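Asker: quick one, structure for this:
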Amino acid sequence: MAMVQKLAPLLPAEFTAEPRVHLDRHEYQVLIQDQSHVRRLVAAVEIVSPTNKGRPENRSAFVTKCAGLLRQGVCVSILDLVTTRTFNLYEDLLTLLMRPDPTFTVSPPSIYAVTCRCRKVGSERQCENWAYPLVIGEPLPILPVWLSDELSVPLELETSYEETCRVLRIP
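Answerer: As a prediction, the model looks like this:
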């Protein structure tokens, strides 16, 4: 919810952000929709859970969902703070999409934040990525969340994290 509170004032009037939690599937998301186009989904922030990184079928389901969103032209941001499992779902997503990203080529980190978007440029489909390895104790990055080909808003992960800790009284 802290992400939604940080994003809401930055969004143009025709866009809305809402949290989505599916506890049975261990899914945590923030969805951004364009209300002027009948609630068209334009961006999704996917927060990785330990279950997402657990079994191979869970990893595959998460990656397939993200790839499907990208193919529909939805901007996808992934926040992976799970330290108990070392899989990198972003690398799995790139493999599925057959797209390289030199950011993580040598040794993919197990915790990271990334935004991906795929869009048409002329007759070609172009994918762009903003990827950041995370380091425990270091501030979280600011990710771009693309609402259209030309318009993005900043997702300030550190301030969202700090607000969540404050509300939950986590020192």
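Asker: tell me the contacts of Val4?
Answerer: Val4 makes contact with Ala17, Glu18, Pro19, Val30, according to CB atoms under 8 Å, 6 or more residues apart in numbering. Yep, even glycine has a C-beta here, placed from its N, CA and C like the rest.
Asker: okay, and which of those map to strands?
Answerer: Of the positions in the contacts of Val4, Ala17, Glu18, Pro19, Val30 sit in strands, assigned by DSSP state E.
Asker: hmm, back to that, and which of the contacts of Val4 is nearest to Val135?
Answerer: Val30 (23.4 Å; CB to CB).
Asker: residues in contact with that closest one?
Answerer: The contact partners of Val30, taken as CB under 8 Å, 6+ apart, are Met3, Val4, Leu7, Ala17, Glu18, Pro19, Arg20, Ala44, Val45, Ile47.
Asker: give me the pLDDT for the fourth one.
Answerer: Looking back up the chat, that one is Ala17. The model reports Ala17 with a pLDDT of 95.
Asker: and it, how many neighbours does it have?
Answerer: 21 (other CB atoms under 10 Å).
Asker: how about Lys65?
Answerer: Neighbours around Lys65, by other CB under 10 Å: 17.
Asker: got phi/psi on it?
Answerer: Main-chain dihedrals, Lys65, degrees, to the nearest 10: phi -60, psi -50.
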